[in-house]
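1. Here is my input; please provide its structure:
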Amino acid sequence: MRHAFAAVLLCCAAFAHAQTPPPAAAAPGASAAKKELVTKVLQLQQSSIDAMARQLAQAPVIQLMQQANQALQTQVPADKREALAKTIETDARKFVEEAVPVIRERAIKLAPTTIGVLMEEKFSEEELKQLLVWMESPVIRKYQQLAPEMQNAMVGKLMTESAPVLDPKLKALGQRMRAAFENATAPASAPSAKPAPKAASK
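-> Numbers count the residues shown, from 1 in each chain. Sure, this is the predicted structure:
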């Protein structure tokens, strides 16, 4: 599952705010003051963690939806496409809404031992204080809150305008990959019998 989780996209309703990340695990030699500063930075990154969780949950669904859309157009009778498309979309939304809290919870637990440790190693206390001043700026916080919405607006439009060009190429790629796999796994044909040697003429 983790190999599929790595892309980006849109849709689905906003989710509730997650709990505050636990205190960052102190890097060797990190002071209590630095540890506290890192914890504050992680708390201010909550919206980014939430957005990342949604993006990671949506990534594999987007791939499946693209494949389903191609199948709908080529394999399903026209009079049944709309109903089937709604069923698929409902299932996809349900998956995302169930997956987001799972990913978000794990991201919150991992943040102190990954992001937190790196920050303690790479930033001085003074640099962390400056970072907090910047992150607590009302303008910066407003920008961070709007970032997922701005990204979704751009990605949605980008996908809509790119689909007519890329969908046929993606379909052709899938067909070539299937053909290559079938050729590689097809049983080898039995060798043809050698013709009997002709009798020598006298």
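
2. only C-alpha atoms for contact and neighbour calcs from this point on.
-> Will do.

3. biggest helix in this structure by residues?
-> In the chain, assigned by DSSP state H, the helix with the most residues is helix 138-185.

4. now that helix: how far from the chain's centre is it?
-> 11 Å (CA atoms, centre = their mean, to the nearest Å).

5. Could you list the low-confidence segments of the chain?
-> Low-confidence segments of the chain (pLDDT under 70): 1-30, 181, 188-202.

6. State the phi and psi torsions of Phe123.
-> Here is the backbone geometry of Phe123 (degrees, to the nearest 10): phi -110, psi 140.

7. Next: Ser124.
-> Torsion angles at Ser124 (phi, psi; degrees, to the nearest 10) stand at phi -80, psi 170.

8. which residue sits closest to it, ignoring its sequence neighbours?
-> In space, Ser124 comes closest to Lys34 once its chain neighbours are excluded; the distance is 7.7 Å by CA to CA, 6 or more residues apart in numbering.

9. Can you give me the buried ones in the helix or strand hosting that neighbour?
-> Using DSSP states H and E, Lys34 falls within helix 32-44. Judged by neighbour count using 16 or more other CA atoms under 10 Å, the buried positions of helix 32-44 are Lys34, Lys35, Leu37, Val38, Thr39, Lys40, Val41, Leu42, Gln43, Leu44.

10. Closest to Leu110 out of these?
-> Nearest to Leu110 among those is Leu42, at 11.0 Å by CA to CA.
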